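Student: With the input below, show me the fold.
(2 chains)
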Amino acid sequence: NAGVTQTPKFQVLKTGQSMTLQCAQDMNHEYMSWYRQDPGMGLRLIHYSVGAGITDQGEVPNGYNVSRSTTEDFPLRLLSAAPSQTSVYFCASSDRPDYGYTFGSGTRLTVV
Amino acid sequence: SQQGEEDPQALSIQEGENATMNCSYKTSINNLQWYRQNSGRGLVHLILIRSNEREKHSGRLRVTLDTSKKSSSLLITASRAADTASYFCATGGGSNYKLTFGKGTLLTVNP
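Tutor: Numbers count the residues shown, from 1 in each chain, chains lettered A, B, ... in the order given. Below you'll find the model as predicted:
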């Protein structure tokens, strides 16, 4: 099983550029989430989805968009990158959130 | 805002010793989960304890939960160098699909 796959692993963007962080899972999980991890801040929830076609905002949604057209994929879009979005981004999925989440290996994004 | 706060922020022990990490949280929860993160990797789910449970074991892991004090502890017994990692607690509230993480404890186990 591939689990949760995130691409790319590393990315450098210039301020104002846009990009999409990809997340795919092959476990038929309904629940998917995006987190960002900053030094000393732990993980903060950006957006989440409880099924195809259903998304909602988390704690830090500004500057990010998501969509969930299929169960498998949950891309995160940065419309106009800012240095404050320099972070490590993690995607996670679950079929039973009260049993825990499976995390991807992360995307390290630097905005210069 | 962070729901959980781990204590200590960093812990260094010798192989074979026990490691105890604590987590405090602010609001009512349905469950509390512990995750491990090795350097540069994603998080791995370790153990979950529900709000109606007081203690849970899994291998060398023991988790306790005190809802009256809004606190939890994670004990790793007979630690190994491979246990070196950051450990995070995460709380699930009424909407279980939203987890709120603490800032983590960095555990270093010296050979």
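
Student: Please work out which residues outside the helix or strand hosting residue A:32 touch it.
Tutor: In this structure, residue A:32 sits in strand A:31-38 according to DSSP states H and E. Strand A:31-38 has contacts (C-beta atoms under 8 Å, 6 or more residues apart in numbering or on different chains) with A:21, A:23, A:25, A:43-51, A:58, A:60, A:64, A:66, A:68, A:74, A:76, A:85, A:87-95, A:97, A:101, A:106, B:97-99, B:101. Using the backbone N, CA and C atoms, a C-beta is placed for each residue, glycine as well.

Student: Off-centre distance for stretch B:40-51?
Tutor: Taking C-alpha atoms, centre = their mean, to the nearest Å, one finds stretch B:40-51 lying 8 Å from the centre of the chain it belongs to.

Student: hang on, the earlier thing: paired strands for the strand holding residue A:32, with orientation please.
Tutor: Sheet pairing of strand A:31-38 (DSSP bridges) gives strand A:42-51 (antiparallel), strand A:87-94 (antiparallel).

Student: Present the ones you listed as JSON lines; the columns should include distance to residue B:58, mean neighbour count and mean pLDDT.
Tutor: JSON lines is the format used below for the strands paired with strand A:31-38 (distance: least, C-beta to C-beta, whole Å; neighbours: other C-beta atoms under 10 Å in any protein chain shown; pLDDT from 0 to 100):
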{"stretch": "strand A:42-51", "distance to residue B:58": "22", "mean neighbour count": "21", "mean pLDDT": "93"}
{"stretch": "strand A:87-94", "distance to residue B:58": "18", "mean neighbour count": "24", "mean pLDDT": "96"}
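
Student: In JSON lines, list those strands along with distance to residue B:61.
Tutor: Formatted as JSON lines, those follow (distance: least, C-beta to C-beta, whole Å):
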{"stretch": "strand A:42-51", "distance to residue B:61": "20"}
{"stretch": "strand A:87-94", "distance to residue B:61": "20"}
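
Student: wait, which of those strands is closest to residue B:76?
Tutor: Proximity to residue B:76, assessed across those by C-beta to C-beta, is greatest for strand A:42-51 (19.6 Å).

Student: contact partners of the following helix or strand past the closest one?
Tutor: The helix or strand immediately downstream of strand A:42-51 is strand A:54-57, counting by DSSP H and E. With contact meaning C-beta under 8 Å, 6+ apart, strand A:54-57 is reached by A:47-50, A:66-68.

Student: What strands line up against strand A:54-57, and which way round?
Tutor: strand A:42-51 (antiparallel).

Student: export the partner strand as CSV, just CAs?
Tutor: Below are the C-alpha coordinates for strand A:42-51, written out as CSV (Å, rounded to 0.1, in the frame of the first residue of the first chain):
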residue,chain,number,x,y,z
GLY,A,42,3.4,22.2,16.2
LEU,A,43,0.9,21.4,13.4
ARG,A,44,-1.9,23.7,12.5
LEU,A,45,-4.9,22.7,10.5
ILE,A,46,-5.4,24.6,7.2
HIS,A,47,-8.3,22.9,5.5
TYR,A,48,-10.1,19.6,5.8
SER,A,49,-12.6,17.4,4.0
VAL,A,50,-15.1,14.9,5.2
GLY,A,51,-15.8,13.4,1.7
